[in-house]
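Peer 1: 3D model of this:
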Amino acid sequence: MAGYIKLRSDGRYRLNLRVPTDLVSVVGRKVMDEALHTSDKGEALVKARAMVEQYRRGWSDVRDGKDENAQGRFEAARRIARRHGLPYRHDIDEGARLNELLRRANALAQADEPGERAALSGGVTPAVMKVSDLVEAVESLKRVELSRKSDRQKHRWQLARKRAVKNFVAVIGDRDINGIARDDALDFRDWWAQRLIDESLSADSPNKDFQHLGTMLRTVAEARRIETGDPFAGLRFSETAPVQPHAITRGELRHVFDQIGRLGPAPAAIVEVLVQTGMRPTEAVNAATYHVDADIPHIVIGGDRLKTKNANRRIPLTGRALEAVRQRPDAFATYADREASLCAWVGKWLRSVFPDLTKISAYSFRHGFQDRLIEAGVQERIQADLMGHAIERARYGAGPSLAQLSEVMECIRVD
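Peer 2: You can find the predicted model right below:
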């Protein structure tokens, strides 16, 4: 370490650290020569040791971040500015305060290396990253969070963001993320607006695109210490009144039972349970535990996959639903993390059974279940407990027992 310091003629020590040959063009100088502000050799060695370690870490980061030297130069500039106690700013006039400008001007007056002057004046441009590279970059930055997801969850995470990127690139082009302007985002919104009109789409798809693109831009910008803003902020389309699925009737359910053999064994078993319990499809395959051998066979719905805290509940199993779970206990695991696929398949089948009902879907069973509760005159508290809904007043007491709920379920079952 003694070789990294040198004694000046005035008796004070300076750092004398040679820049690695492969980084001279990136850093902009061959030697890091800095005052250590001490005449004590021991103190100089302590300070030099810390500075050498910092520079070595920085040079390692530069090597890892090279993108045809552009990202390396940017990282080096950021570290040089930090060494002078200044943030790196590419647009200095817009972001700096007066006291910072004065300190920056003083540092520039003392700088004697081109790389150092460029870093202090904001003359190093952040490396180019194309929009098409966003998903891969964010995936790397979010690798810890993504490691906790199942393969199917990770696939859905990727799919939604890749779809947003594909749409944007198709309309605007594969831009450098540093150059995405508000006008680009507005043009993208105009494209989506026309699609909503032409194809009678809901606002959900474009709003997700805006959200994913904005979030990915912010994530990458923060990691690279650059300012991009969010050109997609405030572009969401207003949500229109959601289209309510058709509430399937008792008569229609009998037609469902007649045709259910065409659906396939696993989805047919799940449909039997959806009909009799009113569960959401995602609850049936991701959040339900089936207790078929209990004194009162029932389902327990819970865990961290629920829509709301009120969705935690118990539902007795009766009739065709109980028989379906006993015969096909593996059906629900088959569609774990695949509720979207289940809903699409069931919806397509239902529209083939009822070609005149365009708004029929897997959620039609839940809506029909609610109607049967109302028809049977079931108390509001019990309705809410079975549906997993909130009620306007506080929930006092233990609520209905499993035996009481079972009596209700027997009254509204459909065979």
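Peer 1: Pick out the residue closest to the middle of the chain.
Peer 2: residue 157 (6.8 Å; C-alpha atoms, centre = their mean).
Peer 1: what residues are up against it?
Peer 2: With contacts defined as C-beta atoms under 8 Å, 6 or more residues apart in numbering, residue 157 is in contact with 146, 149. Backbone N, C-alpha and C define where each C-beta goes, glycine included.
Peer 1: State the helix or strand in which it lies.
Peer 2: Residue 157 is located in helix 151-172, with elements delineated by DSSP states H and E.
Peer 1: Show me which residues of that helix are buried.
Peer 2: The neighbour-count check on helix 151-172 (16 or more other C-beta atoms under 10 Å) flags 157, 160-161, 164-165, 167-168, 172 as buried.
Peer 1: and what of stretch 388-408?
Peer 2: For stretch 388-408, burial by neighbour count (16+ other C-beta under 10 Å) applies to 388, 400, 405-406, 408.
Peer 1: residues in contact with that stretch?
Peer 2: With contact meaning C-beta under 8 Å, 6+ apart, stretch 388-408 is reached by 280, 283, 296, 298, 301, 306-308, 310-316, 318, 373, 376, 378, 380-386.
Peer 1: what's residue 281 in contact with, if anything?
Peer 2: By C-beta under 8 Å, 6+ apart, the neighbours of residue 281 are 270, 274, 339, 342-343, 346, 362-363.
Peer 1: and with 6 Å instead?
Peer 2: 339, 342-343, 362 (C-beta atoms under 6 Å, 6 or more residues apart in numbering).
Peer 1: What backbone torsions are found at it?
Peer 2: phi -60, psi -40 (degrees, to the nearest 10).
Peer 1: ok, residues contacting the helix or strand hosting residue 195?
Peer 2: Per DSSP H and E: residue 195 is located in helix 182-199. The contact list for helix 182-199 (C-beta under 6 Å, 6+ apart) reads 168, 171-172, 206, 231-232, 235.
Peer 1: what's the answer for stretch 212-220, then?
Peer 2: So stretch 212-220 is contacted by 134, 137-138, 141, 161, 164, 228, 230, 232 (C-beta under 6 Å, 6+ apart).
Peer 1: just checking, which of the residues you listed belong to strands?
Peer 2: Among those, DSSP state E puts none in strands.
Peer 1: Can you get me a residue count around residue 138?
Peer 2: 22 (other C-beta atoms under 10 Å).
Peer 1: can you pull the contacts of it?
Peer 2: Here residue 138 is in contact with 216, 219 (C-beta under 6 Å, 6+ apart).
Peer 1: Tell me the spacing between it and residue 341.
Peer 2: Residue 138 sits 25 Å away from residue 341, going by C-beta to C-beta, to the nearest Å.
Peer 1: Could you pull up phi and psi at residue 130?
Peer 2: Torsion angles, degrees, to the nearest 10, at residue 130: phi -80, psi 150.
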